[in-house]
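Asks: the amino acid sequence is not available; the structure is as follows:
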Ligand SMILES: [Zn+2]
């Protein structure tokens, strides 16, 4: 069984902060989290000799210590002994990780270790749109933005471009410390097999993912039928498969592009399996205007009528909801994902998190594909709530729970394992950050460290399900230079066809 030992980190377990702790991973699971002095007593022997056993006397990584040479630290390795920390107090990169038989040692001395982050809503298919020029005049409203950019883009995507988009997004997730994503995919002319293509690409990079295809009437009946079948087939495959790396939901675009007949076909398809939906809800006023004018219902009322809402359903945005809709949403126990950077970019308005939280809506946080960076999304959410309410404390009251607790809870419900916790028996999804707290780090100060420090930090080492997928800031299963070159060529071709 493969073993990974992450030693002497400042560990945020999801529930508490351990000022110095060692995390031992065996297989895909965290086997031990040993804090401070307990580590020497409780740590099982490693390797084949005393040099590999932790010793309290030597549980520091100061390579200048004479004792270090004979009784190396828990993280000690041949490389560690010959490449001590540099003068700036930072361990040389080559010394941070060393392999020894089936054990990988990561010296996290003084650096923050956290559970892997979860992105509750993203769009892999937007990855190659970075810098794309529109062929129409700039949009002046949200629907024009969909028509002139996103719907044209997803129509043009080929399966190869989808695969590259998934690889690119996965790399950016790993480098942002994101280990689990909930993707909402659209490629209306490359539907069949698109989800398994994405799943394969993410699997190669090591990311945990919940996927869906967004059904929409915008490309006609054949695309609707293909979208329903793509969701259904992928859900069946995922339910049949073993493991906890891949899950599915049934994807719907938004009320404004879904007829009653289409919604009925989708809910019928989902009836036979135990998954929920993933759908944009009231992102813009146009979603409500459409529902009211065509169906004499508000968006949430309409979705409730078709049985779309429920504890496994992920709604996204929910900016333009009235009180009754918020109550229906809360009573359904559906999730609502907040995506502040996308909302600001699209100029569609702002969700009041306090109002939703008070009503009992289950909130989560996502990037909507705007970036892969959940730390930055959390900062933006914080700033936007302060700005919206005119109260400097509004962000503190509503956002901290989302980044770790709520998103992890959504992931736990979805994948059936204790994602978001670093404790014995939980899945080994964690991040060693290039961040050494320069002020006291406690549970009370954690949010301040996130907003003013971690937001600028890089993920150095990322483990997902016991697999070392980012090592010293570099993805293990992907050559970034090659990927960038391939993506750039593909993007130019895509932009020409767009
Ligand atoms: Zn979205």
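Replies: Yep, that arrived. These numbers come from a predicted model, not from an experiment. Numbering: from 1, shown residues only.

Asks: residues in contact with stretch 230-247?
Replies: Contact partners of stretch 230-247, identified using Cβ atoms under 8 Å, 6 or more residues apart in numbering, comprise 191-196, 199, 203, 208-213, 215, 248-251, 266, 269-270, 273-275, 414-417, 427, 465. Where C-beta positions appear, they are placed from N, C-alpha and C, glycine not excepted.

Asks: tell me where the model's unsure across the chain.
Replies: Scanning the chain for pLDDT under 70 picks out 37-100.

Asks: hmm, back to that, tell me which of the contacts of stretch 230-247 fall in helices.
Replies: Using DSSP state H, the members of the contacts of stretch 230-247 that fall within helices are 194-196, 199, 203, 266, 269-270, 414-415.

Asks: in those, find the pair that's most separated.
Replies: 203 and 266 (26.4 Å; Cβ to Cβ).

Asks: ok, these two, which is more surrounded?
Replies: Neighbour totals were compared for residue 203 and residue 266, and residue 266 leads with 25 against 18 (other Cβ atoms under 10 Å).

Asks: tell me who's in contact with residue 159.
Replies: For residue 159, counting by Cβ under 8 Å, 6+ apart, the contacting residues are 190, 193-194, 197.

Asks: distance-wise, check it relative to residue 183.
Replies: Distance, residue 159 to residue 183, by Cβ to Cβ, to the nearest Å: 16 Å.

Asks: so residue 354 touches residue 389, yeah?
Replies: Yes - between residue 354 and residue 389 there is a contact at 7.1 Å, judged by Cβ atoms under 8 Å.

Asks: what about the two, which has more around it?
Replies: Between residue 354 and residue 389, residue 389 has the larger neighbour count (other Cβ under 10 Å), namely 18 against 15.

Asks: show me how this structure divides into domains.
Replies: Per automatic domain parsing, the domain ranges recorded for the chain read 3-115+419-476, 117-415.

Asks: show the end-to-end separation of the last one, please.
Replies: To tie it back to what came earlier, the one meant is domain 117-415. 14 Å (Cα to Cα, to the nearest Å).

Asks: which parts of the stretch 201-350 of the chain are strands?
Replies: Here the stretch 201-350 of the chain has its strands, by DSSP state E, counting those that start in this stretch, at 208-211, 246-248, 250-254, 277-281, 314-317, 335-338.

Asks: any chance of those strands in a markdown table, plus distance to residue 397 and mean neighbour count?
Replies: Below are the strands of the stretch 201-350 of the chain laid out as a markdown table (distance: least, Cβ to Cβ, whole Å; neighbours: other Cβ atoms under 10 Å):
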| stretch | distance to residue 397 | mean neighbour count |
| --- | --- | --- |
| strand 208-211 | 28 | 26 |
| strand 246-248 | 31 | 23 |
| strand 250-254 | 29 | 26 |
| strand 277-281 | 23 | 28 |
| strand 314-317 | 21 | 27 |
| strand 335-338 | 14 | 28 |
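
Asks: go through the domains of the chain and pick out the most buried.
Replies: domain 117-415 (a mean of 20; mean count of other Cβ atoms under 10 Å).

Asks: hang on, the earlier thing: okay if I get the domains of the chain as CSV plus distance to residue 491?
Replies: Formatted as CSV, those follow (distance: least, Cβ to Cβ, whole Å):
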stretch, distance to residue 491
domain 3-115+419-476, 19
domain 117-415, 4
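
Asks: and those domains: which comes nearest residue 492?
Replies: Of all these, it is domain 117-415 that lies closest to residue 492, at 9.4 Å by Cβ to Cβ.

Asks: which among the ones in helices among the contacts of stretch 230-247 gets closest to residue 366?
Replies: Comparing the ones in helices among the contacts of stretch 230-247 against residue 366 with Cβ to Cβ places residue 414 closest, at 13.4 Å.

Asks: thinking again about what came up before, out of the domains of the chain, which comes closest to residue 493?
Replies: So among the domains of the chain, domain 117-415 is nearest, using Cβ to Cβ, at 8.0 Å.

Asks: centre of the chain to the closest one, how far?
Replies: Remark: domain 117-415 is offset 12 Å from the chain centroid, using Cα atoms, centre = their mean, to the nearest Å.

Asks: wait, residue 276 sits on residue 250?
Replies: Yes - under the criterion of Cβ under 8 Å, residue 276 makes contact with residue 250 at 7.3 Å.

Asks: and the residue nearest to residue 467 when sequence neighbours are not counted, how far from residue 470?
Replies: Among residues not flanking residue 467 along the chain, residue 206 sits closest, at 5.0 Å (Cβ to Cβ, 6 or more residues apart in numbering). Distance, residue 206 to residue 470, by Cβ to Cβ: 8 Å.

Asks: overlap in contacts, those two.
Replies: With contacts taken as Cβ under 8 Å, 6+ apart, residue 206 and residue 470 have 174, 476 as neighbours in common.

Asks: can you tell me the element residue 19 falls in?
Replies: Following DSSP states H and E, the helix or strand that holds residue 19 is strand 17-26.

Asks: contacting residues around the helix or strand following that strand?
Replies: Going down the chain from strand 17-26, the next helix or strand is strand 29-35, by DSSP H and E. Strand 29-35 has contacts (Cβ under 8 Å, 6+ apart) with 3, 11, 13, 18-25, 42-44, 422-428, 430, 466.

Asks: picking that back up, go through the ones in helices among the contacts of stretch 230-247 and name the one nearest residue 341.
Replies: Distance to residue 341, by Cβ to Cβ, is smallest for residue 414 among the ones in helices among the contacts of stretch 230-247, at 23.1 Å.

Asks: any idea how far residue 370 is from the closest one?
Replies: Taking Cβ to Cβ as the measure, residue 414 falls 22 Å from residue 370.

Asks: cool, and residue 173?
Replies: The value you get for residue 173 to residue 370, if Cβ to Cβ is used, is 13 Å.

Asks: same check, this time on residue 248
Replies: For residue 248 relative to residue 370 (Cβ to Cβ), the value is 23 Å.

Asks: for residue 168, same thing?
Replies: For residue 168 relative to residue 370 (Cβ to Cβ), the value is 14 Å.

Asks: and residue 404, by the same measure?
Replies: Relative to residue 370, and taking Cβ to Cβ, residue 404 is found at 20 Å.

Asks: thanks a lot, see you next time.
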